[in-house]
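S.K.: Next comes the sequence, and after it the predicted model I'd like to discuss.
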Amino acid sequence: MVKPYIPQEASQNPELYGLRRSHRERRGASIVESDDSDDDDLRPKKKSKRNAAAQDYEDEEEDDDEDDFDDDDDDEFMLDNKKRNSKKSSKKSLKKSKKPSLSSVPQEVRFSSRNSKQVNYVVDYEDDEDLLESGPEFDENDDEANGDYYYYQQAVEAEDERGIDIVMDHKINNEVTELTDEPKLDYLFKIKWSDASHLHNTWEPWSTLKNFKGFRKVENYIKQFIIMDQAIRNDPLTTKEDIEAMDIERERRRDEQEEYTQVERIVDSDRVEDENGDSKLQYYVKWKRLYYDECSWEDAEQIAERAPDQVSRYQQRLKSKILPNLSANYPQSQRPRFEKLSKQPLFIKNGELRDFQLTGLNWMAFLWSRNENGILADEMGLGKTVQTLFLYQLYPLGKKLLKNGLQKLILLMKLIV
Ligand SMILES: Nc1ncnc2c1ncn2[C@@H]1O[C@H](COP(=O)(O)OP(=O)(O)OP(=O)(O)O)[C@@H](O)[C@H]1O
């Protein structure tokens, strides 16, 4: 593996730079012999019973040996099971090996974790064969094949293969002349494909689907939505109302699915080359009812036909001067000098900034006048949005922006305060 470059500063302050999560010193697998006596009161009960029963020297010695082993357990509490097991198997050799004298080992204050049911959060991946067993092998010296890039590549390759993502719906296959009561033969299945959005869902017969990755989903769908559904409907205990409710639910699901193909917003556009080498415009589409992670690139012509309003809104947004990259520059020389506000700015109506918010506003205004950056961070809901909006209003640039179409921002301010 290629070692990442870590600046000296960061390696000297690992917690600060997020190189180490816990501020606690990370302990390795060091084995430190300790005085057994400090653990006496924490020994499991069965052991102390045995001690009482066995008086002779041999038993004493055996107990001592057990304790040695237990101490190892304690000291190695942070090790994974595999290491622990291998320790167990080497118990005998440990017994025989000569104890290092206590004086030769650095003493440290230690607390027994024997009865405290602590959880071991440390995972030693390096030693865990189970984890690596099915893992891919790659050349450590090969820059391209290691780390994140490797897994990214794997994910992309997996995505390239068309598979069944979701079975959305089913309907009677009209090409079947006589129904057989066999869902596999009687129905068509509406498939959302893994490499396409819902806009490209297709109806397919079972016989076609069995060649695709994810075919199990079809089998599961048949069990859950056809066989079980029919069983409930045919059950004498099922009332008319129940069936009605099931039908309504099915309709509701279908309506909802329909919305997955409606354009809510066009997020981006790009030109790509098609198979013939021609340039083609694509839109990155956010679909109704679906999260942003399900946005997809779609042919611009097709989207323009389906959602002309969204396309024109997108074009308007592109031209809008309020986008940061299109808005006017405001060089430092043109910025007004910072003047501390000691009381509420006059433009605040129907509300009052709290003292700490006024301080925050002053601080941001100060930074802005010096063309410097800062991060306003505090607990959730203390008024960062409010302060930022007022900062906008405070300066000519903000006022201009508000005049030029940030009406919604003004409305928001009124709502917020
Ligand atoms: N000075 C104020 N007067 C009246 N209400 C206020 C004031 N400051 C904040 N609030 C109210 O507190 C709520 C949280 O404010 P705001 O959204 O600005 O906080 P935030 O720090 O941006 O929140 P988050 O950290 O969740 O983004 C809003 O409902 C707002 O109306």
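M.R.: Right, received. Where do you want to start?
S.K.: Figure out the helix or strand that the residue lying closest to Leu209 once chain neighbours are set aside lives in.
M.R.: Leaving out its chain neighbours, the residue that sits closest to Leu209 by C-beta to C-beta, 6 or more residues apart in numbering is Val218, at 5.1 Å. Any C-beta I mention is one placed from the backbone N, CA and C, and that applies to glycine too. If you go by DSSP states H and E, Val218 is part of helix 216-221.
S.K.: Gln310 too?
M.R.: If you go by DSSP H and E, Gln310 is part of helix 308-319.
S.K.: Domain-wise, how is this structure divided?
M.R.: Under the assignment automatic domain parsing, the domains of the chain span 8-127, 129-159, 161-259, 263-319, 332-416.
S.K.: Contacts for stretch 234-242, please.
M.R.: With C-beta atoms under 8 Å, 6 or more residues apart in numbering as the test, stretch 234-242 has contacts from Ile232.
S.K.: Flag every buried residue along it.
M.R.: For stretch 234-242, burial by neighbour count (16 or more other C-beta atoms under 10 Å) applies to no residue.
S.K.: Straight-line length of it, end to end?
M.R.: End-to-end distance of stretch 234-242 (C-alpha to C-alpha, to the nearest Å): 11 Å.
S.K.: The residue nearest to Leu209 and Thr208: what is the separation?
M.R.: The spacing between Val218 and Thr208, counted by C-beta to C-beta, to the nearest Å, is 10 Å.
S.K.: Settle it for me: which of those two has more neighbours?
M.R.: Using other C-beta atoms under 10 Å as the criterion, Val218 and Thr208 rank with Val218 on top: 22 against 12.
S.K.: Enumerate every residue touching that one.
M.R.: By C-beta under 8 Å, 6+ apart, Val218 lies in contact with 164, 167, 189, 206, 209-210.
S.K.: If you rank these by neighbours, which is first?
M.R.: The residue in the contacts of Val218 with the most neighbours, by other C-beta under 10 Å, is Phe189 (26 neighbours).
S.K.: what number of residues lie near the residue in the stretch 151-300 of the chain positioned nearest to the ligand?
M.R.: With C-beta to the nearest ligand atom, the shortest gap between the stretch 151-300 of the chain and the ligand falls at Tyr292, namely 18.6 Å. Residues near Tyr292, counting by other C-beta under 10 Å, number 11.
S.K.: In terms of pLDDT, where does it sit?
M.R.: At Tyr292, the model reports a pLDDT of 94.
S.K.: Next, the buried residues of the host helix or strand of Asp242.
M.R.: Asp242 belongs to helix 240-259 when elements are defined using DSSP H and E. If you call a residue buried by 16+ other C-beta under 10 Å, then helix 240-259 has these buried ones: Gln257.
S.K.: Tell me the first helix or strand C-terminal of it.
M.R.: Counting by DSSP H and E, what follows helix 240-259 is strand 263-273.
S.K.: Whichever helix or strand comes after that next one vs helix 240-259, what angle?
M.R.: Counting by DSSP H and E, the next helix or strand C-terminal to strand 263-273 is strand 279-287. Using axes from the mean of the first three to the mean of the last three C-alpha atoms, to 10 degrees, the inter-axis angle of strand 279-287 relative to helix 240-259 is 150 degrees.
S.K.: circling back to that earlier point, as JSON lines, the contacts of Val218 with pLDDT would be great.
M.R.: Putting the contacts of Val218 into JSON lines (pLDDT from 0 to 100) gives the following:
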{"residue": "Ile164", "pLDDT": "96"}
{"residue": "Val167", "pLDDT": "96"}
{"residue": "Phe189", "pLDDT": "96"}
{"residue": "Trp206", "pLDDT": "94"}
{"residue": "Leu209", "pLDDT": "95"}
{"residue": "Lys210", "pLDDT": "91"}
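S.K.: Return only those of those found close to the ligand.
M.R.: Among the contacts of Val218, no residue is within reach of the ligand (C-beta under 6 Å from any ligand atom).
S.K.: Just flag the most distant two among those.
M.R.: Val167 and Lys210 (12.8 Å; C-beta to C-beta).
S.K.: mind saving the C-alpha coords of stretch 374-384 as PDB?
M.R.: The C-alpha trace of stretch 374-384 is given here as PDB (Å, rounded to 0.1, in the frame of the first residue of the first chain):
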ATOM      1  CA  GLY A 374     -14.900  32.200   8.800                       C
ATOM      2  CA  ILE A 375     -17.200  29.400  10.000                       C
ATOM      3  CA  LEU A 376     -20.100  30.300  12.200                       C
ATOM      4  CA  ALA A 377     -20.700  27.200  14.200                       C
ATOM      5  CA  ASP A 378     -22.800  26.600  17.300                       C
ATOM      6  CA  GLU A 379     -25.500  24.400  18.600                       C
ATOM      7  CA  MET A 380     -28.400  23.600  16.400                       C
ATOM      8  CA  GLY A 381     -31.200  26.200  16.200                       C
ATOM      9  CA  LEU A 382     -29.300  29.100  17.800                       C
ATOM     10  CA  GLY A 383     -29.900  31.400  14.800                       C
ATOM     11  CA  LYS A 384     -27.100  30.900  12.200                       C
END
